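S.K.: Have a look at this prediction, sequence included:
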Amino acid sequence: MREDVFSALHENGDYIRGIVTIPESNGLMNHGVIILGAGVNPRQSWHRLSVKIARLLSNAGFYALRIDPRGVGDSDGEIENIDPQQLEGFHDKVQTGLFTYDCQLALTKFKKDFNLNSLFIIGLCGGALTGLYLTEIIREIRGLIYIAGPVTLTTLDVSLPVHPAYARNMFYSYLKKVLNPVAWLRFLSGKSEYKTIFFLVRHKIYQFLGREKTILDRYAQRDSKNINENGDRTNHLNPMIPKAFLNYMDQCGDILFINAEIDQASWGFNNLFAPMYLTPGKPYKGRYNIEMVKKSNHTFSSIEAQKELLSLILNWMEKFNKK
């Protein structure tokens, strides 16, 4: 295994830069995988997960590319028309394809440079959505691993303000502040997170009454009048996700969804996306897999969670080396 510098030239003169991890032996398969990080994280991603994934798959015979889109990490350019004070707007842009074209350029050059026979995408968080959108542009993507990808737009998020796994500790943390004058000053001045506080109180009451499922279902079913063209309730799903998913399934692609147990994105996936598109009776059975990493947060920060994540990725990818 060795690692080489990679670059792709954008038509405006900017270079998109990254690293290719090259296997010592790849047999006759010549598989290539691009690993897309989250948001504006440089190509290493959380806890160097992208590096660990690239080296793991390279040892299994895959060429693995990690890149920085323009304006991120070592790549040229800057992210334009983004107010750094408005993170929700920025996340919405990532979740609706901000980096798709840059990744398309990189993936096309990656295939050409290494004479790759087949292409795969692994995306984390926002990178998962970018990867899904790429399948609509590059029709030859053989497999996609969608890791902890959100399914709602940040500015239209109807998911839980706090994941139930965190609610207990956060409730008692706020309770301790009841006699704190500074905390009351923040509350009265509008600096507190009202949505979170009110949800915690309601969640605690429903728990006490033994009706926790009621409040969780209420969030999942909010805005029941929002109907899509097929007559299904959309629940404020990012509309680009179902469209891209259905198109990719129609192309006979394979997809592995990996979620973290203690994660808002998982709650949205399980309550908003899966019931509409992955329930029994829907098509594409056998073409997708869903895995959950237990006791893990959104960034897979624990060593145990990372080991399980890497194992799921390797086991799923290795099946393509047998075809």
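M.R.: That came in fine, so what should we check first?

S.K.: okay, CA-based contacts and neighbour counts for the rest of this
M.R.: Will do.

S.K.: how close does residue 116 get to residue 128?
M.R.: Separation of residue 116 from residue 128 (C-alpha to C-alpha, to the nearest Å): 22 Å.

S.K.: can you check residue 252 too?
M.R.: Residue 252 is 18 Å from residue 128, by C-alpha to C-alpha.

S.K.: more crowded one of the two?
M.R.: When residue 252 and residue 128 are compared for neighbours, residue 128 comes out ahead with 26 against 15, by other C-alpha atoms under 10 Å.

S.K.: now for the host helix or strand of that one, which elements pack on it?
M.R.: Assessed by DSSP states H and E, residue 128 sits inside helix 126-137. For helix 126-137, the helices and strands in contact under the criterion 3 or more C-alpha pairs under 8 Å, 6 or more residues apart in numbering; DSSP states H and E are strand 31-36, helix 87-95, helix 100-113, strand 118-124, strand 141-147, helix 240-250.

S.K.: which one of these lies closest to residue 205?
M.R.: Across those, residue 205 has its closest neighbour in helix 87-95 (29.9 Å, C-alpha to C-alpha).

S.K.: Burial check on the spatially closest residue to residue 96 that is not a sequence neighbour, number of neighbours?
M.R.: Take residue 96 and drop its neighbours on the chain: the residue closest to it by C-alpha to C-alpha, 6 or more residues apart in numbering is residue 240, 6.9 Å away. The local packing of residue 240 (other C-alpha under 10 Å) involves 17 other residues.

S.K.: Surely residue 240 touches residue 97?
M.R.: No. Between residue 240 and residue 97 there is no contact, the gap being 9.0 Å when judged by C-alpha atoms under 8 Å.

S.K.: What are the neighbouring residues in contact with the residue nearest to residue 100 when sequence neighbours are not counted?
M.R.: Sequence neighbours aside, residue 130 is the residue nearest to residue 100 in space, at 5.5 Å (criterion: C-alpha to C-alpha, 6+ apart). By C-alpha atoms under 8 Å, 6 or more residues apart in numbering, the contact list for residue 130 reads 36, 94, 95, 96, 97, 99, 100, 123.

S.K.: Surely the second one touches residue 126?
M.R.: What that stands for is residue 94. Yes. Here residue 94 reaches residue 126: they are 6.2 Å apart, a contact under C-alpha under 8 Å.

S.K.: so which strand or helix has residue 54?
M.R.: Following DSSP H and E, one finds residue 54 within helix 49-59.

S.K.: Can you give the distance of that helix from its chain's centre?
M.R.: The chain centroid and the centroid of helix 49-59 are separated by 18 Å under C-alpha atoms, centre = their mean, to the nearest Å.

S.K.: what sits up against it?
M.R.: By C-alpha under 8 Å, 6+ apart, the residues outside helix 49-59 that reach it are 1, 21-24, 35-37, 43-45, 63-66, 306, 310, 314.

S.K.: just the buried members of those residues?
M.R.: 21-23, 35-37, 43-45, 63-66, 306 (16 or more other C-alpha atoms under 10 Å).

S.K.: Tell me the secondary structure of residue 271, please.
M.R.: helix (DSSP: H, G, I helix; E, B strand; the rest coil).

S.K.: Alpha carbons of stretch 51-69, in PDB - could you do that?
M.R.: Taking Å, rounded to 0.1, in the frame of the first residue of the first chain, the C-alpha atoms of stretch 51-69 are listed here in PDB:
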ATOM      1  CA  VAL A  51      -8.000   7.600   6.600                       C
ATOM      2  CA  LYS A  52      -8.800   4.400   8.500                       C
ATOM      3  CA  ILE A  53     -11.500   3.500   5.900                       C
ATOM      4  CA  ALA A  54      -9.200   4.200   3.000                       C
ATOM      5  CA  ARG A  55      -6.300   2.100   4.400                       C
ATOM      6  CA  LEU A  56      -8.600  -0.700   5.400                       C
ATOM      7  CA  LEU A  57     -10.100  -1.000   1.900                       C
ATOM      8  CA  SER A  58      -6.700  -0.600   0.200                       C
ATOM      9  CA  ASN A  59      -5.500  -3.600   2.100                       C
ATOM     10  CA  ALA A  60      -8.500  -5.400   0.700                       C
ATOM     11  CA  GLY A  61      -7.500  -4.400  -2.900                       C
ATOM     12  CA  PHE A  62      -9.500  -1.200  -3.500                       C
ATOM     13  CA  TYR A  63      -8.100   2.100  -4.700                       C
ATOM     14  CA  ALA A  64      -9.300   4.700  -2.200                       C
ATOM     15  CA  LEU A  65      -9.600   8.400  -2.800                       C
ATOM     16  CA  ARG A  66     -10.100  11.100  -0.100                       C
ATOM     17  CA  ILE A  67     -10.600  14.700  -1.300                       C
ATOM     18  CA  ASP A  68     -11.200  18.200  -0.100                       C
ATOM     19  CA  PRO A  69     -13.900  20.000  -2.100                       C
END
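
S.K.: Please identify the buried residues of it?
M.R.: For stretch 51-69, by 16+ other C-alpha under 10 Å, it's 51, 53-69.
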